[in-house]
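Asker: Here is a sequence together with a model predicted from it:
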Amino acid sequence: MMTRTQAEALATFVAKVRPDWDHPGIVAAIGKAQSKATPLQVARALVNLAENSDLRTPAMLAEKGQHWRDGMEPTGPNASHDVRCPEHPTHAHPCPDCATKRTPPLPDYLEAKKALTAKTKPKAREPKPLTSDVTAARERIDGSQA
């Protein structure tokens, strides 16, 4: 059972996306429908109903209809979140029609790319071993001062 707070919040949301529907009417429709389904199902059905721009009110929420469909399959031209090709709106990127029109990279580009990837990193210089003999270190220091 949907609480009054939940019904008010849901009605506020739907009233924002359907400003032509009044808030009290949405709350009343939710109240009539809430005995038929879970709060989530009522919310889903109300949002599905709100998609129908031909309806002037949400009064038919409690009645049987397509708005109670279970699946949340997207419908319509922008239903999926795919990026559409600007030239071929029915295709998602990468567009197969545009792919056939693409020119292959120039051989110079391919050679340059191959040369860049083939380069090896320069070898790291070997570090000079540290002198652990204090006497040898002193002799080196003394020898450089003379």
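Answerer: Looks like it came in fine.

Asker: Buried residues in the lengthiest helix in the chain, which are they?
Answerer: Longest helix in the chain by number of residues (criterion: DSSP state H): helix 4-17. Within helix 4-17, the residues that qualify as buried are 7, 10-11, 14-15, counting by 16 or more other Cβ atoms under 10 Å. To be clear about C-beta, it is placed using only N, CA and C from the backbone, and glycine gets the same treatment.

Asker: cool, stretch 57-70 as well?
Answerer: Buried residues in stretch 57-70, defined by neighbour count with 16+ other Cβ under 10 Å: 58, 61-62, 67-68.

Asker: ok, those residues vs Cys95, which is closest?
Answerer: Taking Cβ to Cβ as the measure, His67 is the one of the buried residues of stretch 57-70 closest to Cys95, at 34.3 Å.

Asker: Report the contact partners of the closest one.
Answerer: Applying Cβ atoms under 8 Å, 6 or more residues apart in numbering to His67 gives the contacts 45-46, 48-49, 52, 60-61.

Asker: Narrow those residues to just the buried residues.
Answerer: 45-46, 48-49, 61.

Asker: Keep only those of the residues you listed that are in strands.
Answerer: Judged by DSSP state E, strands contain none of these.

Asker: which pair in these spans the largest distance?
Answerer: Longest span within the buried ones among the contacts of His67, Cβ to Cβ: Asn48 and Leu61, 9.6 Å.

Asker: For this structure, which segments count as helices?
Answerer: Under DSSP H, the chain gives helices at 4-17, 23-33, 39-50, 96-101, 107-118, 134-145.

Asker: which one of the buried residues of helix 4-17 is nearest Pro24?
Answerer: Nearest member of the buried residues of helix 4-17 to Pro24, counting by Cβ to Cβ, is Ala11, at 8.2 Å.

Asker: rewinding a little: could you dump the buried ones among the contacts of His67 into JSON lines with distance to Trp21 and pLDDT added?
Answerer: Formatted as JSON lines, the buried ones among the contacts of His67 follow (distance: Cβ to Cβ, whole Å; pLDDT from 0 to 100):
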{"residue": "Ala45", "distance to Trp21": "14", "pLDDT": "92"}
{"residue": "Leu46", "distance to Trp21": "10", "pLDDT": "94"}
{"residue": "Asn48", "distance to Trp21": "14", "pLDDT": "92"}
{"residue": "Leu49", "distance to Trp21": "10", "pLDDT": "93"}
{"residue": "Leu61", "distance to Trp21": "11", "pLDDT": "93"}
